[in-house]
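Peer 1: I need the structure of the sequence given here:
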Amino acid sequence: MARPIWKGSISFGLVNIPVQLETAVREKTVSFHMLSKDGSCRVRRKLVCPETGEEINYNDTARGIEVGKDEYVLVDEKELEKLKPEKGRAIEIEQFVDLEEIDPIYFDRVYYVTPVEGGAKSYRLLHEAMKDSGRIALANVVMRDKQYLCALRVVGEGIVLHTMHYSDEVLALDDSLPGTLAKAKAPAKEVAIAKQLIDAMTHKLDLTQFRDDYREKVEAYIEARKAGKKTVATYDEKEEPPTRTINLMDALKRSLASSKSPRTAVALKGRHPRRKSA
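Peer 2: Residues are numbered from 1 along each chain as shown. Below you'll find the predicted structure:
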């Protein structure tokens, strides 16, 4: 069982449901440390004044905002402390909406919401009511001195909480699209074949088939080095990078034909190319 990172209650009208939040996702990555070249010493970074080269103690530092070139405004830590949101212990539900109304781009981190002692009955009440309504809840919560907008939704027999980005934090996609896109045309015949290709590549979801191949190779490499070996798995050198599509219709037709081949169908489902030892 994961260690709770927050304890409080869900405020649902006049109903308070005692709950706790647990980490739902534990990202896996390989972390390296900076060492001396012979690996005998772990090095550390210092806070140094670039003008004098003098090392500065962390306790002698201050925070500030850059307002111009080499111009900063210092902030008072005590005054900043007064601006922090009150350390509440409630997930305050503001409204309910349909999940389809929220674009996934707004979702950030996810936590499991679990009942604590004495809260099972009221937790089940909210769970069943949300499940029957088909809606999710939008709420406010304060964690680690920061206020979050969040969404509560039913998953299986429990409830999960997604922290969300505020609307002014999400950049407009239109600002990133090239101006030439408006002039680009998608012929009906090509769209029809593209839809057929989508149908051919549509399979029952199994997320376990998608793996972080790079991380697994790094972990295998580290284990091999620990055992005194110097081998590492690599991609087949015969694999060539995809070429730029010139004839879109021809590429679509060939892709559709290939999708009917068992071997290519596996590749289209997201499998990695075969690896070999180097």
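Peer 1: Domain map for this structure?
Peer 2: The chain breaks down into these domains under automatic domain parsing: 4-25+84-169, 180-277.
Peer 1: Now mean pLDDT, mean neighbour count and distance to F32 too, for the ones you listed, in CSV please.
Peer 2: The way it works is simple: take the backbone N, C-alpha and C, and place the C-beta from them, glycine included. Compiled in CSV, the domains of the chain are given as follows (pLDDT from 0 to 100; neighbours: other Cβ atoms under 10 Å; distance: least, Cβ to Cβ, whole Å):
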stretch, mean pLDDT, mean neighbour count, distance to F32
domain 4-25+84-169, 93, 15, 22
domain 180-277, 73, 11, 9
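Peer 1: Contacts only, for D145.
Peer 2: Going by Cβ atoms under 8 Å, 6 or more residues apart in numbering, D145 touches 84-85, 87.
Peer 1: Just want the phi and psi numbers for L149.
Peer 2: phi -90, psi 140 (degrees, to the nearest 10).
Peer 1: shouldn't it be in contact with N140?
Peer 2: Yes: L149 is within contact range of N140, at 6.4 Å (criterion: Cβ atoms under 8 Å).
Peer 1: just to revisit the earlier point, and the domains of the chain as TSV, adding distance to E66?
Peer 2: Shown next, in TSV, are these (distance: least, Cβ to Cβ, whole Å):
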stretch	distance to E66
domain 4-25+84-169	20
domain 180-277	35
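Peer 1: Looking at the ones you listed, which is nearest to G39?
Peer 2: In terms of Cβ to Cβ, the element of the domains of the chain nearest to G39 is domain 180-277, at 11.1 Å.
Peer 1: mind listing the helices for the stretch 151-278 of the chain?
Peer 2: Taking DSSP state H, counting those that start in this stretch, the helices of the stretch 151-278 of the chain run over residues 188-200, 213-226, 248-258, 262-268.
Peer 1: what about R153, distance to G64?
Peer 2: Distance of R153 to G64, computed by Cβ to Cβ, to the nearest Å: 40 Å.
Peer 1: Compute the number of surrounding residues for I65.
Peer 2: Residues near I65, counting by other Cβ atoms under 10 Å, number 9.
Peer 1: Report all helices and strands that whichever strand or helix holds it contacts.
Peer 2: If you go by DSSP states H and E, I65 is part of strand 64-68. In terms of contacts (3 or more Cβ pairs under 8 Å, 6 or more residues apart in numbering; DSSP states H and E), strand 64-68 is packed against strand 71-74.
Peer 1: which residues are in contact with the strand it packs on?
Peer 2: The contact list for strand 71-74 (Cβ under 8 Å, 6+ apart) reads 62-67.
Peer 1: That one pairs with which strands, parallel or anti?
Peer 2: strand 64-68 (antiparallel) (DSSP bridges).
Peer 1: mean confidence for the strand it pairs with?
Peer 2: The pLDDT scores in strand 64-68 average 92.
Peer 1: Tabulate the CA atom coordinates of it in CSV.
Peer 2: Taking C-alpha atoms only, strand 64-68 is exported to CSV below (Å, rounded to 0.1, in the frame of the first residue of the first chain):
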residue,chain,number,x,y,z
GLY,A,64,14.1,37.4,-6.7
ILE,A,65,12.4,38.1,-10.0
GLU,A,66,14.3,39.3,-13.1
VAL,A,67,12.6,42.5,-14.4
GLY,A,68,15.3,43.5,-16.8
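Peer 1: Name the residues of that strand that come out as buried.
Peer 2: With burial defined by 16 or more other Cβ atoms under 10 Å, not one residue of strand 64-68 is counted as buried.
Peer 1: mind checking the SS state of L126?
Peer 2: Three-state assignment for L126 (DSSP: H, G, I helix; E, B strand; the rest coil): helix.
Peer 1: which residues sit in contact with it?
Peer 2: Neighbours of L126 in contact, by Cβ under 8 Å, 6+ apart: 10, 12, 15, 17, 159.
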